[in-house]
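J.: Quick one, fold the following:
(one chain, ligands or ions: 1)
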Amino acid sequence: MWSAARRHELTLLAAGQPWLPGVLLLGRIARPIRKVPKLGWFVADPLVARQIYNDSTHFSIVSEGAAGHWWAQVIGDWVEDLFEGPGHTELRTTVRDLFTLTHTDALVERVIGPDLRDLRERLAAGETVDIAARAQILVGRSVSDLVGMRPEDIAAAIGGDHTDDLDALFLRLFHHVEELVNLGFGTMASTTLDPVAVARAKELAGQLAVNVPSAYARADPDTTLGRCRELGLDVEHAAGLAILMAVAGTDTLASAMTRMVAIMHDTGQHRALLGAPERLPDAVRETLRVTSPAYLVGRSVTADVNIAGRELRAGEHVKILTWTINNAVGDFSVHRDYVPETRQLWFGGGRHLCLGAQLVHSELTALLAALTAAGTPWQIVERRYRRKVFIPTYETLRIRLAN
Ligand code: HEM
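T.: Predicted structure coming up:
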């Protein structure tokens, strides 16, 4: 018998993509690794997952079946160097200090601090707030900062009004990125996009990057583009990285934010946290573990290799079932300590470990701090799941503080 929290999560996954709950639940029987006809190898074991992440001799992120291959069609072949080989090592070394804790906390305060204070005040005043929309606006704001777009730049690039309702404008930017992310639909069997999708993806990414060169030149050192410049990254790489970060960190982050609020409510763990506020970092880590918004990570096999006793052949695909692996640990609990076995597999592993991990922690921490500031648990007034999205989430999650 599934708990209410689990039922909501599975319904949410199915609303996004109907096959998702089935694959992620059945994925358990793939442990440690199992071949699925037409799709490739499914991995449901944390140690095997890490072995693959750490083996760039036999596995690639840029060949057919993996994210870098998708990207190369959208941004251009040069992105392969950004993702793999010497270019990737150089990039990761250069931007190693891009997202340190001190920097991410300051970034979050500067970009979404006022919005979060507004949220806190609205809740304290007894208002009902749609957290799903709020998360999209917060992330839209973060994206605009990341790609150096002021409100007037957003309006010029993708339309909308920058003189009146800024929330609507940031929401529009969020949906712009979401459309780009949703072009990932149907990439389960192959990451080769059809020409219409490639053309649309290029158009969307181009609009998103339109301000990067000028913003790069003028950006303050405390912005991401300004830091890229100070760290010595050239403008082309900074632009590629900014778009990559915007796409990697938009739907995933908004999904984690919204589902955190729902899951904590559905498990009663919001009350547990109010009783033990020092466990807030654990609540954030548990949110990422249980939601695992990047539910599946692809790699392609570049040379024959034996993994966990199975023979993987060059050209085959591998799917690491992140959600399945992380959820096998158990239900959400703010009292669960760090799990050494899964570490932070929700952020991948090895040389491609999520670059925005620290930023994600800072954003979720700031949101949860705003929600718990009044010391009162929240209740859910209305919820609707978002349909047909690559990264499943809520369409609406209206909450208010309990009396
Ligand atoms: C909850 C939110 C997020 C989750 C669950 C997540 C998850 C992941 C995962 C699983 C990977 C590895 C992909 C692979 O190996 O193929 C990854 C890579 C990456 N992520 Fe995130 N991510 C999140 C948010 C962000 C944010 C906010 C940013 C930046 C602002 C970001 C930037 C990146 C970048 C640049 C990479 C590629 C790193 C590389 O290839 O070296 N992510 N992310």
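J.: Assign a three-state SS to Ile380, would you?
T.: strand (DSSP: H, G, I helix; E, B strand; the rest coil).
J.: Go ahead and confirm it touches Met264.
T.: No - contact criterion Cβ atoms under 8 Å: Ile380 and Met264 do not qualify, at 10.5 Å. (Glycine included, C-beta is placed from N, CA and C.)
J.: out of these two, which sits in the busier spot?
T.: Met264 (25 against 16; other Cβ atoms under 10 Å).
J.: Spit out the contact partners of that one.
T.: By Cβ atoms under 8 Å, 6 or more residues apart in numbering, the contact set of Met264 is His270, Leu273, Ala283, Thr287, Phe332.
J.: Arg34 now?
T.: Counted by Cβ under 8 Å, 6+ apart, Arg34 has contacts Trp41, Phe42, Ala44.
J.: same thing but 7 Å
T.: Phe42 (Cβ atoms under 7 Å, 6 or more residues apart in numbering).
J.: Equivalent analysis for Ala314, please.
T.: With Cβ under 7 Å, 6+ apart, Ala314 has these contacts: Val301, Thr302, Ala303, Asp304.
J.: Now the closest residue to the ligand within the stretch 251-400 of the chain. Nearest residue, chain neighbours left out?
T.: Residue nearest to the ligand within the stretch 251-400 of the chain (Cβ to the nearest ligand atom): Gly356, separated by 2.2 Å. Distances taken as Cβ to Cβ, 6 or more residues apart in numbering put Gly249 closest to Gly356, at 4.6 Å, once the chain neighbours are dropped.
J.: Any idea how many residues pack against the one you found?
T.: 22.
J.: Could you do the one 10 residues further on as well?
T.: Applying other Cβ under 10 Å, we find 26 other residues in the vicinity of Arg259.
J.: Same question for Val290.
T.: Val290 sits with 25 neighbouring residues when counted by other Cβ under 10 Å.
J.: So the residue nearest to it when sequence neighbours are not counted: helix, strand or coil?
T.: Nearest residue to Val290 in three dimensions, chain neighbours excluded: Phe332, at 4.7 Å (Cβ to Cβ, 6+ apart). Three-state assignment for Phe332 (three-state DSSP): coil.
J.: all strands of the chain, in order?
T.: Assigned by DSSP state E, the strands in the chain fall at 33-36, 40-43, 59-60, 129-130, 297-301, 305-307, 310-312, 317-320, 378-385, 394-401.
J.: For the third one, which strands pair with it and how are they oriented?
T.: The pairing partners recorded for strand 59-60 under DSSP bridges are strand 297-301 (antiparallel).
J.: next one: the partner strand to chain centre, how far?
T.: 18 Å (Cα atoms, centre = their mean, to the nearest Å).
J.: How about the contacts made by the residue of the stretch 1-150 of the chain found nearest the ligand?
T.: Relative to the ligand, the nearest point of the stretch 1-150 of the chain is Ala67 (4.6 Å; Cβ to the nearest ligand atom). Residues near Ala67 by Cβ under 7 Å, 6+ apart: Ile61, Gly298.
J.: hmm, try it at 10 Å
T.: 61, 83, 184, 187, 191, 244, 247-248, 294, 297-299, 348, 352 (Cβ atoms under 10 Å, 6 or more residues apart in numbering).
J.: Same check on Val23?
T.: 13, 17, 30, 36, 39, 42, 188, 295-296, 319, 321, 323-324 are the contacts of Val23 under Cβ under 10 Å, 6+ apart.
J.: Reformat these as TSV; add distance to the ligand and neighbour count.
T.: Converted to TSV, these look like this (distance: Cβ to the nearest ligand atom, whole Å; neighbours: other Cβ atoms under 10 Å):
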residue	distance to the ligand	neighbour count
Leu13	14	22
Gln17	16	19
Ala30	18	21
Val36	19	14
Leu39	17	16
Phe42	16	23
Met188	15	19
Tyr295	9	27
Leu296	9	18
Lys319	11	23
Leu321	12	27
Trp323	10	26
Thr324	14	24
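J.: Could you dump these into TSV with pLDDT and distance to Gly309 added?
T.: Below are these laid out as TSV (pLDDT from 0 to 100; distance: Cβ to Cβ, whole Å):
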residue	pLDDT	distance to Gly309
Leu13	98	31
Gln17	97	31
Ala30	94	14
Val36	95	17
Leu39	92	20
Phe42	97	15
Met188	87	25
Tyr295	98	26
Leu296	96	23
Lys319	97	18
Leu321	98	18
Trp323	98	24
Thr324	98	20
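J.: out of those residues, which are inside helices?
T.: Leu13, Trp323, Thr324 (DSSP state H).
J.: which one of those residues sits closest to Val48?
T.: Thr324 (12.2 Å; Cβ to Cβ).
J.: Hmm, the closest one is touching Ser292, no?
T.: Yes - assessed by Cβ atoms under 10 Å, Thr324 is found in contact with Ser292 at 8.5 Å.
J.: Do I have it right that His335 meets Glu278?
T.: No - applying Cβ under 10 Å, one finds His335 not in contact with Glu278, separated by 11.0 Å.
J.: more crowded one of the two?
T.: His335 (12 against 8).
J.: ok now do the spatially closest residue to Glu311 that is not a sequence neighbour, which residues does it touch?
T.: Computed as Cβ to Cβ, 6+ apart, the closest residue to Glu311 that is not its neighbour in sequence is Asp304, at 6.9 Å. Asp304 makes contact with His58, Glu311, Leu312, Arg313, Ala314, Gly315, Glu316, according to Cβ under 10 Å, 6+ apart.
J.: per-residue pLDDT, Asp304?
T.: We note a pLDDT of 98 for Asp304 in this prediction.
J.: Next: Gln73.
T.: Predicted confidence (pLDDT) for Gln73: 88.
J.: Please apply the same query to the one 3 residues further on.
T.: What the model reports as pLDDT for Gly76 is 76.
J.: ditto for Thr100
T.: For Thr100, the predicted pLDDT is 88.
J.: Perfect, that will be all.
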